[in-house]
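> Have a look; sequence and predicted model below, questions after that.
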Amino acid sequence: MTLPAHPIQHWIDALAKGQCSSRALTELALDASTTSDQASATFILVHAEKARATADAADRMRGADVPIAPLAGVPISIKDLFNERAQVTQAVSRVLAGATAADNDFTVVRRLRAAGAVIVGRTNMTEFAYSGLGLNPHYSTPLNPWDRATGRIPGGSSSGAAVLVTDGMAVAAVATDTGGSVRIPAALWEVRTVLLAQGRHRCYSRLPQQRNKSQRISRESCTATSRVFPPLMHRRSLDNSTGLN
């Protein structure tokens, strides 16, 4: 089974009303990450046990009727361009497969955790984000959902993030965009992407590329921007030249 295609706001509201549990949502996402024919080409790493533990913690907090974080229990993925504590940031390249694991989280990852999100895993991409086709010869290429029989390109470089959301392996995905990395998948099929203004996040603990690379949320609908973005926001007074930090 996979997560049904609903806007992120639908799941936030359903969790708040007790119509579903965080564990149930997370299990649907994890089930899709193992049963989908695109799973092996979409995820680089799945955090199954950590995801379940985070979901269970969110459910316990809701059951205790205490104030809860805005994204508590919502399954979200991150692109393999962002540091996660104790994980290797490969940019989906064999060259970095043996690199030292990160000792801290990238800003957005840290803020997602603080907002209660369930990080289900790290997504595939074009190697080092240097292509708009979404191809990766080392770790396979997730296929465009509009025509998988032919095997059409997904677009990229954030190919895994876009396909993952479309195929119900997460409610939302954090990705990047320099020259169209999420805009291209959005143009090729019906997946929604939203750009955060440059300078919203300091880019420490992220593999550097270009100065204009900005974080995006890739998901089924843009209706939850007022709920999703505030936990990720950085004050504008901080350094605006984020890309090479």
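Nice, thanks for sending it over.

> Who are the contact partners of the closest residue to H47 other than its chain neighbours?
Spatial nearest neighbour of H47, excluding adjacent residues (CB to CB, 6 or more residues apart in numbering): G121 at 5.2 Å. For every residue, glycine as well, the C-beta is placed using N, CA and C. The neighbourhood of G121, defined by CB atoms under 8 Å, 6 or more residues apart in numbering, consists of S33, F43, I44, L45, V46, H47, A51, S77, I78.

> Spatially, what comes nearest to the residue most central in space within the chain if we skip its sequence neighbours?
With distances taken as CA atoms, centre = their mean, the residue of the chain nearest its centroid is A173 (2.5 Å). The shortest distance from A173 to any non-neighbouring residue, by CB to CB, 6+ apart, is to A161 (3.7 Å).

> Am I right that the one you found is in contact with L81?
No - under the criterion of CB atoms under 8 Å, A161 is not in contact with L81, lying 10.0 Å apart.

> Which one's more surrounded, those two?
The residue with more neighbours, out of A161 and L81 and counting by other CB atoms under 10 Å, is A161; that gives 36 against 27.

> which SS state does the more buried one fall under?
Under the three-state scheme (DSSP: H, G, I helix; E, B strand; the rest coil), the conformation of A161 reads as helix.

> can you check G121 too?
Applying three-state DSSP to G121 yields a three-state assignment of strand.

> Just grab the bridge partners of it for me.
V46, S77 (DSSP bridges).

> Quick check: it vs A114, distance?
Look at G121 and A114: by CB to CB, to the nearest Å, they are 19 Å apart.

> Am I right that L28 sits in a helix?
Yes - the assignment for L28 (three-state DSSP) places it in a helix.

> and the residue nearest to it when sequence neighbours are not counted, what helix or strand is that in?
With sequence-adjacent residues excluded and distances taken as CB to CB, 6+ apart, L28 is closest to L3, at 4.8 Å. Secondary-structure assignment from DSSP states H and E places L3 in no helical or strand segment.

> how many neighbours does L3 have?
Each residue near L3 was counted by other CB under 10 Å, and the total is 21.

> correct me, but it touches A172?
No - in terms of CB under 8 Å, L3 does not count as a neighbour of A172; the distance is 10.3 Å.

> overlap in contacts of those two?
With contacts defined as CB under 8 Å, 6+ apart, the residues shared by L3 and A172 are P75.

> Poorly predicted segments of this structure, please.
Filtered on pLDDT under 70, the chain yields the residue ranges 195-245.

> can you pull out the helices in it?
With DSSP state H applied, the chain shows helices at 8-16, 22-35, 39-42, 48-63, 107-114, 159-166, 183-188, 225-228, listed in chain order.
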